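S.K.: Could you work out the structure for the sequence below:
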Amino acid sequence: MSTAMTPTNTTNPIAMTLENSDPNVRYFAYVHFAEVEDLSLRPNQTREFDIRINGVTVHAAFSPKYLQTNTFVLNPESQTDIVFSLVRTAKSTLPPIINALEIYIANSFSQSLTNEEDVNAVTGVKTSYKVKRNWQGDPCMPNDYLWEGLNCSYDSLTPPRITSLNLSSSGLTGLLSPSFSNLTMIQELDLSNNGLTGEIPEFVSRLKFLRVLCLEKNKLTGSVPSELLERSKTGSLTLRVGENQGLCTEISCGKSNKKTLVIALVASLFILLLLSGVFWKIKSRRKKSVNSAVVKAKSENKLLFTYEDVVKMTNNFGRVLGRGGFGTVYHGYYNNIQVAVKLLSETSAQGFKEFRSEVEVLVRVHHVNLTALIGYFHEADQMGLIYEFMANGNMADHLSGKYDHMLSWRQRLQIALDAAQGLEYLHCGCKPAIVHRDVKTSNILLNDKNRAKLADFGLSRSFQTESRSHVSTLVAGTPGYLDPLCFETNGLNEKSDIYSFGVVLLEMITGKTAISESQRKRVHVSDWVISILKSTNDVNNVIDSKMPKDFDANSVWKVVELALASVSQNVSERPNMQQIVKGLNECLQREECDKNY
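M.R.: The predicted structure follows:
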């Protein structure tokens, strides 16, 4: 998109002809435009043109924006050749421009899509193991583009069914996913040469059409289900389970295991009764019981600490990093690694709910631009979280001048991009999607290399992706960052986060806080920026005066446009996080190019 075409004769239109030999074929055209000249430096120049198909105007008086992609999807219908033309308008001083044109032919298929249960099953497998293959679209259709490793059965009367799945040497780890049990027509399943652990579940035996099962070269333990061994013995199943050191492949294993199991159950029952008595005795001495919902946060990848561990970790809570409505954050060390310990206030009932929500969210969210949870603790009245420590504080402190070093525009762009990628993951990478609900500069933390991570999920909520709006009826957040429209809609959604992020971008550009005092009036940073640009039309007048001057004003303009679009009172005009990430990435690349040049 950084290059474009114009006509040799600037008064001529751009015309492109698509030869249409088959009148029954449907075409889809994607036409991409982006202004590559900074016309703000040429105030008397204008580029405006009509987009036409076979002489009929489909978009009139279009002006592409500087370094911002505009894409039109056209569906031309014609019995003859199709002519795309870009015609300069009367008021335009510059010729039309085009950056790219893509034309697709629509294929029609008489065959229906893959059986829904099979789709859900194989999608579940993909999610469970984070399969690193280009598995997109329908698994079996069209049959020339079925997913890698799959084979399907086809007939004209019923939807395609998955009959074979080969995930050999695919880096799979963990237990065998229950999703395999829903591939009810599977005949061949190859999961060999991976890192699968645990026992072979009984549901594998219930795959009645299974003819070949390859599980060799894994880390499976226990015994092979007796029904699979019987089918292997009769020849109805080819079973390969070699090179699993902890796996017993004899039917007798199951019998001896049953005897051992009875003894173990009796012993376990006695120990359980003894421990139960001790537990209830200790519990009666506590002031309050721990809310059981927090236990949902337990994960094999996270450490559950005791309160005593946390006291030692923080040197008896000696160094305070920050305070919030829910409690206090302390500095600490765990295994010689710096950590931040968030301790819940005993007096905050709302804080407890936020803590529980934060645990539930954090244990399932992992992204390089989101704060990592190291562990947690919940012991009587004491509850808290242990995070990785971010050595360079938060973005709000840097903008306020708390640190001696003032961040450059390139550093601010990188921080904005990091935070945007974290928020994009919450919106697009999590199922169900997550709305942060409290995006602000103080929740953007920096490490020792000034790379950013989005923090504080205490106010986050999950929403089912089947719902279009992903709305929370609980309005919460920070004044200045809170979307004004949430009070009209009585809820927060992804577009509310977009508004908050737009405010963050404006703070990074201007160095101002979200709301500031001016002549005894409270002025929002977006109103201030709009006012200055309307009166001067010069982006330099809104740029943080404390920021080093080695920046490209055009990239600042681009981010200003992104920010103002994000805080638009017309929600439909707000970009999504994917568009924001793309825009920030382009600006950062531009800065890098200028720097290298």
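
S.K.: rest of the way, CA atoms for contacts and neighbours
M.R.: OK.

S.K.: Quick check: the closest residue to Gly171 other than its chain neighbours vs Arg240, distance?
M.R.: In space, Gly171 comes closest to Asn194 once its chain neighbours are excluded; the distance is 5.3 Å by CA to CA, 6 or more residues apart in numbering. Distance, Asn194 to Arg240, by CA to CA, to the nearest Å: 14 Å.

S.K.: got a list of what the residue nearest to Gly171 touches?
M.R.: 168-173, 217-218 (CA atoms under 8 Å, 6 or more residues apart in numbering).

S.K.: Over to Tyr425?
M.R.: His367.

S.K.: Which secondary structure state is assigned to it?
M.R.: helix (DSSP: H, G, I helix; E, B strand; the rest coil).

S.K.: Could you check how far it is from Ile374?
M.R.: In terms of CA to CA, Tyr425 sits 20 Å off from Ile374.

S.K.: Measure how buried Ile444 is and give me the count.
M.R.: Neighbour count of Ile444, defined by other CA atoms under 10 Å: 26.

S.K.: Over to Arg319?
M.R.: Counted with other CA under 10 Å, Arg319 comes out at 12.

S.K.: Just confirm it contacts Tyr330, I think it does.
M.R.: Yes - applying CA atoms under 8 Å, one finds Arg319 in contact with Tyr330, separated by 5.7 Å.

S.K.: Next, show the common contact partners of those two.
M.R.: By CA under 8 Å, 6+ apart, no residue touches both Arg319 and Tyr330.

S.K.: need the contact list for the nearest residue to Thr513 once chain neighbours are set aside.
M.R.: Nearest residue to Thr513, sequence neighbours excluded (CA to CA, 6+ apart): Glu507, at 5.9 Å. Residues near Glu507 by CA under 8 Å, 6+ apart: 399, 441, 513-514, 525.

S.K.: SS state for Ile532?
M.R.: helix.

S.K.: residues contacting it?
M.R.: Ile532 neighbours (CA under 8 Å, 6+ apart): 541-542.

S.K.: Quick one: neighbours of the closest residue to Thr93 other than its chain neighbours, just the number.
M.R.: Nearest residue to Thr93, sequence neighbours excluded (CA to CA, 6+ apart): Thr46, at 5.3 Å. The local packing of Thr46 (other CA under 10 Å) involves 15 other residues.

S.K.: cool, the one 10 residues further on as well?
M.R.: Val56: 12 surrounding residues under other CA under 10 Å.

S.K.: Also the one 10 residues further on?
M.R.: A count of nearby residues for Tyr66, using other CA under 10 Å, gives 17.

S.K.: Spit out the contact partners of it.
M.R.: Taking CA under 8 Å, 6+ apart, one finds 34-39, 558 in contact with Tyr66.

S.K.: Please apply the same query to Val320.
M.R.: By CA under 8 Å, 6+ apart, the neighbours of Val320 are 328-331.

S.K.: Point out where the stretch 51-200 of the chain drops to low pLDDT.
M.R.: 78-79, 107-111, 156 (pLDDT under 70).

S.K.: all strands for it, in order.
M.R.: For the stretch 51-200 of the chain, the strands defined by DSSP state E, counting those that start in this stretch cover 56-62, 70-74, 82-88, 100-105, 150-153, 161-166, 173-174, 188-190, 195-198.

S.K.: Tabulate these in CSV, adding columns for distance to Gln414.
M.R.: Below are these laid out as CSV (distance: least, CA to CA, whole Å):
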stretch, distance to Gln414
strand 56-62, 32
strand 70-74, 24
strand 82-88, 37
strand 100-105, 28
strand 150-153, 41
strand 161-166, 41
strand 173-174, 34
strand 188-190, 43
strand 195-198, 37
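
S.K.: would you list every one of the helices in the stretch 351-500 of the chain?
M.R.: 395-400, 409-424, 486-489, 494-510 (DSSP state H, counting those that start in this stretch).

S.K.: neighbours around Asn537, how many?
M.R.: Around Asn537 there are 12 residues (other CA under 10 Å).

S.K.: circling back to that earlier point, relative to Pro178, which of the helices of the stretch 351-500 of the chain is closest?
M.R.: helix 409-424 (29.3 Å; CA to CA).

S.K.: Now do the closest one: which elements does it pack against?
M.R.: strand 452-454, helix 494-510, helix 577-596 (3 or more CA pairs under 8 Å, 6 or more residues apart in numbering; DSSP states H and E).

S.K.: mind redoing it with 10 Å?
M.R.: helix 395-400, strand 433-435, strand 444-446, strand 452-454, helix 494-510, helix 553-566, helix 577-596 (3 or more CA pairs under 10 Å, 6 or more residues apart in numbering; DSSP states H and E).

S.K.: mean confidence for it?
M.R.: Taken as a whole, helix 409-424 has a mean pLDDT of 95.

S.K.: measure stretch 188-198 end to end?
M.R.: 21 Å.

S.K.: Mind splitting the chain into its structural domains?
M.R.: 14-105, 116-249, 292-388, 395-596 (automatic domain parsing).

S.K.: follow-up on the earlier one: highest neighbour count among the contacts of Asn194?
M.R.: Result: Asn218 is most packed of the contacts of Asn194 (other CA under 10 Å), 24 neighbours.

S.K.: isn't that one right next to Ile200, touching?
M.R.: No - using CA atoms under 10 Å, Asn218 is not in contact with Ile200; the gap is 11.2 Å.

S.K.: Spit out the residues that contact these two alike.
M.R.: Leu247 (CA atoms under 10 Å, 6 or more residues apart in numbering).

S.K.: Give me the distance between Leu39 and Leu67.
M.R.: To Leu67, Leu39 is 11 Å away according to CA to CA.

S.K.: Who has more neighbours out of those two?
M.R.: Neighbour count, other CA under 10 Å: between Leu39 and Leu67, Leu67 has more, with 20 against 14.

S.K.: quick one, what contacts that one?
M.R.: Per CA under 10 Å, 6+ apart, neighbours of Leu67: 1-2, 33-38, 554-555, 558, 583, 586-587.

S.K.: Same check on Val542?
M.R.: 506, 509-512, 528-533, 536, 556, 560.

S.K.: please redo it, this time with the cut-off set to 6 Å
M.R.: Counting by CA atoms under 6 Å, 6 or more residues apart in numbering, Val542 touches Thr510.

S.K.: Could you check how far the residue nearest the centre of the chain is from Pro139?
M.R.: The residue lying closest to the centre of the chain (CA atoms, centre = their mean) is Tyr425, at 1.6 Å. Tyr425 is 24 Å from Pro139, where distance means CA to CA.

S.K.: Kindly report the same for Leu407.
M.R.: 48 Å.

S.K.: Ok, Arg211 next?
M.R.: 21 Å.

S.K.: More neighbours: which of those two?
M.R.: Legend: neighbour count by other CA under 10 Å for Arg211 and Pro139, higher for Pro139 (25 against 18).

S.K.: The more buried one reaches Gly149, doesn't it?
M.R.: No - Pro139 is beyond contact range of Gly149, at 10.1 Å (criterion: CA atoms under 6 Å).
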